[in-house]
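**Student:** Could you work out the structure for the sequence below:
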Amino acid sequence: MPHITPKQARAYLAGLALANEFEIEELRKAPVELKLRQLWALMTSMHLFEEKDARREARERNEVRQRWARLYRVLGD
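**Tutor:** Residues are numbered from 1 along each chain as shown. A predicted model of the protein is given here:
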């Protein structure tokens, strides 16, 4: 893996910050109708991202984690 200099790292991070500012401004300018259409597109294509079994397993894992967190809070260290 190539090493970068501190100057290169700062330039890279400055570029990321500039891109972030641009994205935020574009989101502010975007009409609500466009945002809703984009959300609709994501929601209708959900089946492309994960299979139902994977979603169910992720939900079950999350439930188990929440139970352990509750037990930890109640029982302490």
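**Student:** so residue 42, which of the three states?
**Tutor:** Secondary structure assignment for residue 42 (DSSP: H, G, I helix; E, B strand; the rest coil): helix.
**Student:** Number the chain from 36, please
**Tutor:** Okay, using 36 as the starting number, the last item reads as residue 77.
**Student:** so what pLDDT did it get?
**Tutor:** In this model, residue 77 is scored at 87, pLDDT.
**Student:** Burial check on it, number of neighbours?
**Tutor:** Other residues near residue 77 number 11, with proximity taken as other CB atoms under 10 Å. Where C-beta positions appear, they are placed from N, C-alpha and C, glycine not excepted.
**Student:** now the helices for the chain?
**Tutor:** With helices called from DSSP state H, the chain shows them at 41-64, 67-79, 87-110.
**Student:** Run through who's touching the shortest one.
**Tutor:** Contacts to helix 67-79, defined as CB atoms under 8 Å, 6 or more residues apart in numbering, come from residues residue 62.
**Student:** Figure out how far that helix is from the centre of its chain.
**Tutor:** Taking CA atoms, centre = their mean, to the nearest Å, the mean C-alpha location of helix 67-79 is offset from the chain mean by 17 Å.
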